[in-house]
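J.: got a predicted structure here, sequence first:
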Amino acid sequence: MIRSRGFIVGRMQPIHNGHLEVIKKTLEEVDEIILGIGSAQLSHSITDPFTSGERIIMLREALSENNIDSSKYYIIPLVDILMNAVWVSHVKMLTPSFEKVFSGNPLVQRLFKEENFDVIIPPLFNRTKLSGTEVRKRMINDEDWKSLVPNSVVEIIDKIDGIERIKHLSQKEISEKY
Ligand code: NAD
């Protein structure tokens, strides 16, 4: 049986309800979806607090919470490379084949278009609130971030002390006075 496959890549720092909406919408158009965990090498910074492994678990639990069967997706960590011009080949080497790319990111769109992929721009869902930047800002400022992410992601972030981590990383270095 030939299955159609779509590709989505995101840093997913962390996975939020906007990512989930895009994934659900994409699954209305293709049989299977390849979910690339972008910038997999990054962790322990304010902009990229979570490891690739932590993001894989968050994504899998969030999909399960939303009744998305594991036969429908592949989660693949993708380390960044310094050469944008050959990034699509790098992605193709690491993933099952796919025909359609779903992305709101102009660089991702551009690189796949130039390699003749079918690129689809998904609608934005409540982008002012549903963005990784907003979720991380709220985590640091003790504001409500939990309503922006699936419950399973809240549980994992609690379990790994994620809020303590991002707050610690956001502190300015304090030099001792002599
Ligand atoms: P992201 O987590 O910000 O977004 C992932 C996807 O979800 C995007 O398509 C975005 O448009 C969509 N999205 C997010 N919030 C949404 C909302 N509220 N409603 C609808 N859609 C929403 O990740 P990103 O920055 O787009 O990820 C791209 C990844 O690709 C990065 O890790 C980047 O480093 C990588 N990349 C690497 C290279 C290279 O290595 N040379 C080149 C290009 C891209």
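T.: Good, I have the coordinates.
J.: which residues of the chain lie near the ligand?
T.: 9-12, 18-19, 22, 38-39, 80-81, 84, 87, 103-105, 107-108, 111, 122, 124-127, 130-132 (CB under 6 Å from any ligand atom). For every residue, glycine as well, the C-beta is placed using N, CA and C.
J.: mind showing which ranges of this structure have poor pLDDT?
T.: 173-178 (pLDDT under 70).
J.: which other residues reach the longest helix anywhere in the chain?
T.: Identified as the longest helix of the chain according to DSSP state H is helix 52-65. With contact meaning CB atoms under 8 Å, 6 or more residues apart in numbering, helix 52-65 is reached by 12-15, 20, 23, 35, 37, 40-41, 43, 50, 70, 73, 75, 77, 149-153, 155-157, 160, 162.
J.: same thing with stretch 103-115?
T.: 8-9, 22, 84-85, 87-88, 101, 119-122, 124.
J.: any quick PyMOL command for the buried ones out of those residues?
T.: Of the contacts of stretch 103-115, the buried ones can be selected in PyMOL as follows, counting by 16 or more other CB atoms under 10 Å:
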select buried, resi 8+9+22+87+88+101+119+120+122
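J.: show me what residue 119 is bridged to.
T.: residue 101 (DSSP bridges).
J.: wait, it touches residue 88, no?
T.: No: using CB atoms under 8 Å, residue 119 is not in contact with residue 88, being 11.1 Å away.
J.: can you tell me the element the residue sitting nearest the centre point of the chain falls in?
T.: Nearest to the geometric centre of the chain sits residue 12, at 2.4 Å (CA atoms, centre = their mean). Following DSSP states H and E, there is no helix or strand that holds residue 12.
J.: no further questions, thank you.
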